[in-house]
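Visitor: Structure, please.
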Amino acid sequence: MNRNVIVMSLCAAGISFGAHATETAPVAMEKQAAVHQENYVPGMGEIMGSTQMRHAKLWFAGKSGNWDLASYELDEIREGMDDAVK
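Guide: Predicted coordinates for the structure are as follows:
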């Protein structure tokens, strides 16, 4: 009987802790993401990898005649090149 009371108490405490962690975790993650975004500087390899992917998307957009997507990808490539210069 005493063992059941202990197990039930631990389960209740775990559920209570889990509910509290669920409430506070998104707030903490948002704060961490904001700090990370402010301090993040992409490296040249990341910029070039992204540019390569955008070139492929640009080619497929042009082949399928999706000029809105092609224009968007071209703008993103230009932004990437500006970032690489910086």
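
Visitor: low pLDDT regions in the protein?
Guide: Within the chain, the segments meeting pLDDT under 70 span 1-2, 5, 7-25, 28, 33-37.

Visitor: can you map out the helices along it?
Guide: 2-39, 44-64, 67-85 (DSSP state H).

Visitor: which parts of the last one are buried?
Guide: By that I understand helix 67-85. 70, 73, 74, 76, 77, 80 (16 or more other CB atoms under 10 Å). The way it works is simple: take the backbone N, C-alpha and C, and place the C-beta from them, glycine included.

Visitor: Identify the farthest-apart pair in those.
Guide: The span of these, defined through CB to CB, is set by 70 and 80 at 15.5 Å.

Visitor: quick one on the thing from earlier: so which of the buried residues of helix 67-85 comes closest to residue 40?
Guide: So of the buried residues of helix 67-85, ranked by how close each gets to residue 40 (CB to CB), first place is residue 80, at 14.9 Å.
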